[in-house]
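A.B. asks: Sequence and predicted model, in that order:
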Amino acid sequence: MREEPAFRDRPLAGHEFPVVQEKIFLAHAAVCPLPRRVAGAIADYTRQCTLGDQERLVPPGLLETGRSLAARLLGSKPEEVAFVGPTSLALSFIASGLAWRKNDNILIYFDDYPSNVYPWMALAERGVQVRLINVRQLGAIRPIDVMGQVDEQTRLVALASCHFVTGCRLDHQAIGKFLRERNILFSLDAIQTLGAFPTTVGHVDFLAADAHKWLLGPCAAGLMYVRHALQEKLRPAVYGWHNVRCPDYVAQEQIAFRKDSRRFEPGTHNFPGLVGLHAALELILELGVENIAAELLRKRAWLVPALEAKGCRVLNSPAKPESASGIIAFDRPGDASLPALHQRLEAAGVITSLRADRQGRHYLRLSPHFYNTDAELHRFLELL
């Protein structure tokens, strides 16, 4: 087993993550605890807001620098990043904003997280054929699976960068390159990799991710990416004073949207959330997402065999390097006590997630982040 990396040995965990003083938190694929700097930034801003206009008290350049930080993480341009809140909202904006044509079809994965299923299913009401991708194993979508199930009428493919139960990571670059060459749009729900693994948009047309998982930010402070060449083609689903031209707050006779990603931000921003997101992006970029990814894979490399040695069946094991992630889900064949085990672990101060598949089988899901120590994971194994 390789040693924990030097960046992990900094006195970061105890100070930056107070949660370690109370419990072993292994559920970052659900809703994360806030780092101290993120909570502090929000508290400082909201405290200032008791003294005056909330909008005027926003830290100078918050939106501009926030877009730049997000663009660095995505490998995009700042003007391609919009702050729209929850992943569900961004994906719904994308699905409803395109001008769909008769005989268009889209390809989705029915066993994806519902936020990346329902907005696309709803397009059937507009005459779009919704196709469900066939895969051999839960969450394991290979490029060849996509290549074999699109045709000349396929307008868009909508997938997640990592499956929320199995932890199978998508080769989104290979899939996106294939689709771009065929003029098929590609939408990526990146909430389970952004902040944990490099997730760039060189071959992606649309992307959505809230901040409350691996990005270590507050809830409903997510971002949406729309490739610049497509911004005029994606009609905003919501209208307001911010995304439609209205000089001096006077409504105009014609609706004219802003020319960049701000066209998708209709009204007043969630400033407390964006203050927190800004601090979270700074933390992730300071550490380096490549370093975080390497640490998550190092943990996985010894934790999976340790679970299997205890008779557990780990999903996505063995995992190819390109499909491994920070999510480790397992069950125990013939054992129906996982829900009770999940509760006992929580009572012991070990926070995991309980998830189920379409057949009702339960899995215990672990999703440690970079700051979780090997000692914490060994403690979990002892309790198991």
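C.D. replies: That came through, no problem.
A.B. asks: give the contact list for residue 362.
C.D. replies: 331, 336, 338-339, 354-356 (C-beta atoms under 8 Å, 6 or more residues apart in numbering). Quick note: C-beta positions are derived from backbone N, CA and C, even for glycine.
A.B. asks: pLDDT at it, what is it?
C.D. replies: pLDDT recorded at residue 362 is 96.
A.B. asks: For residue 112, see how far away it is.
C.D. replies: 19 Å (C-beta to C-beta, to the nearest Å).
A.B. asks: Same question for residue 366.
C.D. replies: For residue 366, the distance to residue 112 - C-beta to C-beta - is 20 Å.
A.B. asks: One more: residue 313?
C.D. replies: From residue 313 to residue 112 the distance is 22 Å (C-beta to C-beta).
A.B. asks: now swap in residue 159 and tell me
C.D. replies: Using C-beta to C-beta, residue 159 is found at 7 Å from residue 112.
A.B. asks: Grab the most central residue of this protein for me.
C.D. replies: residue 191 (0.6 Å; C-alpha atoms, centre = their mean).
A.B. asks: Show me which of residue 313 and residue 112 is the more surrounded one.
C.D. replies: residue 112 (20 against 14; other C-beta atoms under 10 Å).
A.B. asks: Quickly list what the closest residue to residue 336 other than its chain neighbours is bridged to.
C.D. replies: Nearest residue to residue 336 in three dimensions, chain neighbours excluded: residue 362, at 7.8 Å (C-beta to C-beta, 6 or more residues apart in numbering). Beta-bridge partners for residue 362, by DSSP bridges, are residue 356.
A.B. asks: swap in residue 131?
C.D. replies: residue 107.
A.B. asks: May I ask you to name the longest strand in the chain?
C.D. replies: Looking across the chain with DSSP state E, the single longest strand is strand 154-160.
A.B. asks: Give me the residues contacting the helix or strand following that strand.
C.D. replies: The first helix or strand that comes after strand 154-160 along the chain, using DSSP states H and E, is helix 172-181. Outside helix 172-181, the residues that touch it by C-beta under 8 Å, 6+ apart are 143, 146-147, 150, 157, 159, 161, 185-186, 188, 199-200, 202-204.
A.B. asks: Of the residues you listed, just the buried ones, PyMOL syntax please.
C.D. replies: To isolate in PyMOL the members of these that are buried, counting by 16 or more other C-beta atoms under 10 Å, one can use:
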select buried, resi 143+146+150+157+159+161+185+186+188+199+200+203+204
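A.B. asks: Closest to residue 54 out of the contacts of helix 172-181?
C.D. replies: Closest to residue 54 out of these is residue 199 (31.7 Å), distances taken as C-beta to C-beta.
A.B. asks: I figured that closest one hits residue 76, correct?
C.D. replies: No - counting by C-beta atoms under 8 Å, residue 76 is not a contact partner of residue 199; they are 10.8 Å apart.
A.B. asks: Give the burial count for residue 117, as a bare number.
C.D. replies: 20.
A.B. asks: what does residue 32 give?
C.D. replies: Quick note: residue 32 (other C-beta under 10 Å) scores 25 neighbours.
A.B. asks: Tell me which of the contacts of helix 172-181 fall in strands.
C.D. replies: Those of these lying in strands (DSSP E): 157, 159, 185-186, 188.
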